[in-house]
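> Based on what follows, work out the 3D shape:
(4 chains)
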Protein chains: 2
Amino acid sequence: MSRRDEILDVAATVLEEEGPEALTMRELARRMGMRAPSLYKHVRDKDDIVAGLQERALIDMGRHVAAAAPGLGALADAYRSWATAHPRLYEVATRRPLARDRIAPGVESAAAAPILAAVGGDEHRARALWALAHGLVDLELSDRFPPGADLDATWRTALTGFERH
Amino acid sequence: MSRRDEILDVAATVLEEEGPEALTMRELARRMGMRAPSLYKHVRDKDDIVAGLQERALIDMGRHVAAAAPGLGALADAYRSWATAHPRLYEVATRRPLARDRIAPGVESAAAAPILAAVGGDEHRARALWALAHGLVDLELSDRFPPGADLDATWRTALTGFERH
DNA sequence: TGACATGGCTAACGCCGTAAGCCATGATGG
DNA sequence: CCATCATGGCTTACGGCGTTAGCCATGTCA
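Residues are numbered from 1 along each chain as shown, chains lettered A, B, ... in the order given. Below you'll find the predicted structure:
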């Protein structure tokens, strides 16, 4: 495994365990047993690390969602469960403008494929479904729903709109 | 107008015109004709400013959406148009966990009211609709849809799921 | 064996948010 | 009328951030 990949591993751990404000070059270096400037021998800058996390997250989430059982419900469950299991990575993967120039081609479309397939290839319905799932997850992750809200029920209600074409 | 409100005005301007990375205490102070530490005479800390922007954004967006013509389409248009007119404020208002302790009570529910009314008071449908609109806006604002995508059509498709109960 | 790439290091720069403490101004009340 | 005090500026400074420059040990290879 390349030194760069080790850094990305550490970065993913720090991000999930301690939050985005702990994701500093000095903290990454500390965990790698080196000093911050040495990181730049393996990585262009901090944005490069974040773009790497974004790419990894898209790949992993895409795989997870693609492995879901057929049906909208299972797809939605897979989407939501990945996001809640990796909330900070989800934010990195979706909130910032895709660093398309720093990410391997195909990763983006591969992540979108399962959703597109689930709605029979209709791109508008695919985007709507994606937006719905993303919106629900995003609002849940930033605690925008009242505490104690029955979000399972909200998801079921939300998906019924998509069930019949 | 209080000095604090002036600071919030300047902050909103800087945020929208130059982006979040320009929203620094020194830049705000410069535009106010003072030095950064003097800001602390009127504001607790930077988070206080951001919470103030969040509160303002919720109020303004709530008013804008509440003024929409009846019907899901007009509601959606109002939601989307406010967000695209104030993209950075929209992010501040929705992406970070609501600073509920720093925001006047009632603001949150007032912002939610028009959406809740539009679906006849069903909270699950209200949350689903909100999530759908938020997801579409959020993904649009961070350029996650392919360039040139016909988002008007996507919105129309998305809303048909909500038209019939 | 000598040249060179690799990957560490230290020192330092210019930002950032923020704390501490000083001082002019103007209002307040004895 | 003057003493007191709150207000709202100021300078200085601290620690942390991302990042650059330049040094040097090690290992590889012609």
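> use CA for all of it now, contacts and neighbours both
Fine.
> what does chain A have sitting close to DNA strand D?
A:22-27, A:36-37, A:40, A:45-47 (CA under 7 Å from any atom of the strand).
> Could you provide these in a markdown table, with additional columns for pLDDT, neighbour count and distance to B:Leu58?
Output for the residues of chain A next to DNA strand D, formatted as a markdown table (pLDDT from 0 to 100; neighbours: other CA atoms under 10 Å in any protein chain shown; distance: CA to CA, whole Å):
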| residue | pLDDT | neighbour count | distance to B:Leu58 |
| --- | --- | --- | --- |
| A:Ala22 | 97 | 15 | 29 |
| A:Leu23 | 98 | 20 | 30 |
| A:Thr24 | 98 | 15 | 32 |
| A:Met25 | 98 | 18 | 35 |
| A:Arg26 | 98 | 16 | 37 |
| A:Glu27 | 98 | 17 | 36 |
| A:Ala36 | 98 | 15 | 40 |
| A:Pro37 | 98 | 10 | 42 |
| A:Tyr40 | 98 | 13 | 41 |
| A:Asp45 | 97 | 12 | 35 |
| A:Lys46 | 98 | 14 | 32 |
| A:Asp47 | 96 | 12 | 31 |
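> Among those residues, name the ones in helices.
Applying DSSP state H to the residues of chain A next to DNA strand D, the entries found in helices are A:25-27, A:36-37, A:46-47.
> Show me which of the residues of chain A next to DNA strand D is closest to B:Ala51.
Of all the residues of chain A next to DNA strand D, A:Ala22 has the smallest distance to B:Ala51: 21.7 Å, by CA to CA.
> quick one: A:Leu136 and B:Leu132 touch, right?
Yes: contact status for A:Leu136 versus B:Leu132: in contact at 7.5 Å, counting by CA atoms under 8 Å.
> all helices of chain A, in order?
With DSSP H as the criterion, chain A has helices spanning A:3-18, A:25-32, A:36-39, A:46-66, A:72-85, A:87-95, A:107-118, A:123-141, A:151-163.
> Go through these and name the closest to B:Arg80.
Short answer: helix A:123-141, nearest of the helices of chain A by CA to CA, at 13.3 Å.
> Of all the helices of chain A, which one comes closest to DNA strand C?
Of all the helices of chain A, helix A:36-39 sits nearest to DNA strand C, with 4.6 Å by CA to the nearest atom of the strand.
> Okay, whatever residue of chain A ends up closest to DNA strand D and A:Ala83: tell me how far apart.
DNA strand D sits closest to A:Thr24 of chain A, with a gap of 3.1 Å, by CA to the nearest atom of the strand. Relative to A:Ala83, A:Thr24 is positioned 23 Å away (CA to CA, to the nearest Å).
> likewise A:Gly52?
For A:Gly52 relative to A:Ala83 (CA to CA), the value is 18 Å.
> Which of those two has more residues huddled nearby?
Using other CA atoms under 10 Å in any protein chain shown as the criterion, A:Gly52 and A:Ala83 rank with A:Gly52 on top: 25 against 22.
> hang on, the more buried one packs against A:Ile103?
Yes: using CA under 8 Å, A:Gly52 is in contact with A:Ile103, at 7.4 Å.
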